[in-house]
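In: just the structure for this:
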Amino acid sequence: MRTGLYYHPIFLEHDNGFGHPERPERLTAALKALEEGGLLEALERREPGRLSEDAVAMVHPRSHIERVKQIAERGGGHLDLDTPVSPRSFEAALHAAGAAVEATSEVWEGGLDNAFCLVRPPGHHATVGRGMGFCLFNNLAIAARHALDNLGAERILILDWDSHHGNGIQDVFYEDDAVLYVSFHQYPHYPGSGTSQEVGSGKGRGYTVNFPFSAYTGENAYLAAMEEVVLPVAERFRPQLVMIAAGYDAHFTDLLCSMLLTAESYAKMTGLLMRLAEETAGGRLVASLEGGYNLEGIAASIFNTIAVMAGSELRAREDAAPAQRSMDRAARVIANTRTALAPYWDI
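Out: Numbering: from 1, shown residues only. The predicted structure is shown next:
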C-alpha cells in the first residue's frame, strides 16, 4: 500500500501562544510515535508547497484571505478569542491547504493509494467567510473543491469524526449534492451546530448527515452509526473519493471533550472507510488532521489511523480503555438522524 504522509516544518511556526491547546507538540508527538513504532519508514513522505491565494479563493472570499494575511504581516492578532494569527500563521495555513490539495491530486491520479496530511492550523471550523475555532482556511473543503473543479470528481464523501461539529465544511457544501458530509460530534458543544435535522438545503438536501451525540458516547455508538446509516447512504451515493476530517478530540483522554473513543476505535472506523473506498472509489482516501489535544491520545490515534491506511498490522498500545456507557441515548440520536434522512435515502 502506497500511503503518503504530508508534513512541512512550517506547521510548527504557527504560534497560538502560551497555554493554547492547539500547539506544535501535537505534530511532533505524532511524528515521534510513527518513528518509534516503526511505521514512518513505510510511508512516502511529502513536503507540501504553498497553495496560491487564487486556489484558496475557490472556497474563501478575497476579503477573508486578505484579513488573515494582514494580521500576520502586522505581527499577529486574533480572528476571534480562540483563533490567534501569528506572524507565520498565514504561510503555515497556505501550506496546510496545499498539503490537502496536493495529497488529493496525487491520490486521485494514482501516485499514492491514500494519504494523511499531518498539518496545522486545522480547517473544519472555517466557514466561507470566517476563520474560527483554531481554523484559518478550510483545508479539506478547498481540497474537495479542487477535486470537483479540476480533477473531474463528481461525488465526494467527507466524514468528520472530530468531536466538534465541522460547521465550516457543512457551510461550504450545504447546498451541494456533489459532497456528502457526515459529522460525528459531541452535542451540545462548540460551535453549537450540527443537529440531526440539519440535512442540507436546495439540491443539497439529504447530503448533510449529523450525529449530535451526547457526552460520554463511545465506540459502540460510532460503529453502529457507521454500519446502520453512514455506509448504507454512502453505498448509494457511490463516492469517487473518501476524505476524513481527522480530529482526535473524541479520544477518552482529550482535554476539551468528553467522549470515550480509543486509538483502536479510530483504527476500526478507518478500516470501514477503507473498505468503502475500495468498493466505490478505487481505494482513494485522504485524511487531514483537525483537532485532538492530549499528546499521547493524538499520537496513538494518528498512529493507528495511518497503520490501517498503510495496510500494517502495527498498533499503538494504550494502558487503559474506558468502559462503554449505555447505548440508549446514542441509539435515539442514530434513529433521529435516520428519520431525518428518510425522505432522501432508501435506508
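
In: quick check: buried residues in stretch 146-163?
Out: Residues of stretch 146-163 classed as buried by neighbour count (16 or more other Cβ atoms under 10 Å): 146-148, 151, 153, 155-163. C-betas here are computed from N, CA, C, even on glycine.

In: would you turn these into TSV with pLDDT?
Out: What follows is these, written out as TSV (pLDDT from 0 to 100):
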residue	pLDDT
146	98
147	99
148	98
151	98
153	98
155	99
156	99
157	99
158	99
159	99
160	99
161	98
162	98
163	98
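
In: pick out the most distant pair among the residues you listed.
Out: Largest separation among those by Cβ to Cβ: 151 and 163, giving 30.3 Å.

In: the closest residue to residue 311 other than its chain neighbours: how many residues sit nearby?
Out: Once flanking residues are discounted, residue 311 sits nearest to residue 1: 3.9 Å by Cβ to Cβ, 6 or more residues apart in numbering. Neighbours of residue 1 under the rule other Cβ atoms under 10 Å: 14.

In: for residue 1, give me its contacts.
Out: 113, 114, 309, 310, 311 (Cβ atoms under 8 Å, 6 or more residues apart in numbering).

In: which of the buried residues of stretch 146-163 lies closest to residue 77?
Out: residue 162 (25.3 Å).

In: per-residue confidence at the nearest residue to that closest one once chain neighbours are set aside?
Out: The shortest distance from residue 162 to any non-neighbouring residue, by Cβ to Cβ, 6+ apart, is to residue 247 (2.4 Å). Looking at residue 247, its pLDDT stands at 98.

In: what is the neighbour count of residue 247?
Out: 27.

In: same question for residue 66.
Out: Neighbour number of residue 66 under other Cβ under 10 Å is 11.

In: can you tell me which helices and strands the strand or helix carrying it packs against?
Out: If you go by DSSP states H and E, residue 66 is part of helix 62-73. Other elements packing on helix 62-73 under the criterion 3 or more Cβ pairs under 8 Å, 6 or more residues apart in numbering; DSSP states H and E are helix 53-56, strand 77-80, strand 83-85, helix 89-108.

In: what angle do the last one and helix 62-73 make?
Out: Just to be clear, that refers to helix 89-108. Angle between the axes of helix 89-108 and helix 62-73 is 130 degrees (criterion: axes from the mean of the first three to the mean of the last three Cα atoms, to 10 degrees).

In: coming back round to it: run through who's touching the helix holding residue 66.
Out: 53, 56-57, 77-79, 85-91, 93, 128-131, 136-137.

In: before we move on, the earlier item: deepest of the helices and strands packed on helix 62-73, which one?
Out: Scoring the helices and strands packed on helix 62-73 by mean neighbour count under mean count of other Cβ atoms under 10 Å gives helix 89-108 as the most buried, with a mean of 26.

In: that helix - what's its average pLDDT?
Out: pLDDT averaged over helix 89-108 gives 99.

In: re earlier: mind listing what's buried in the helix holding residue 66?
Out: Applying 16+ other Cβ under 10 Å to helix 62-73 flags 64, 65, 67, 68, 69, 71, 72 as buried.

In: over to stretch 36-55?
Out: So for stretch 36-55, counting by 16+ other Cβ under 10 Å, buried means 37, 39, 40, 42, 43, 46, 48, 50, 51, 55.

In: next: stretch 237-244.
Out: Buried residues in stretch 237-244 (16+ other Cβ under 10 Å): 237, 239, 240, 241, 242, 243, 244.

In: and which of those residues is nearest residue 203?
Out: Nearest to residue 203 among these, with distances taken as Cβ to Cβ, is residue 237, at 13.9 Å.

In: good, wrapping up.
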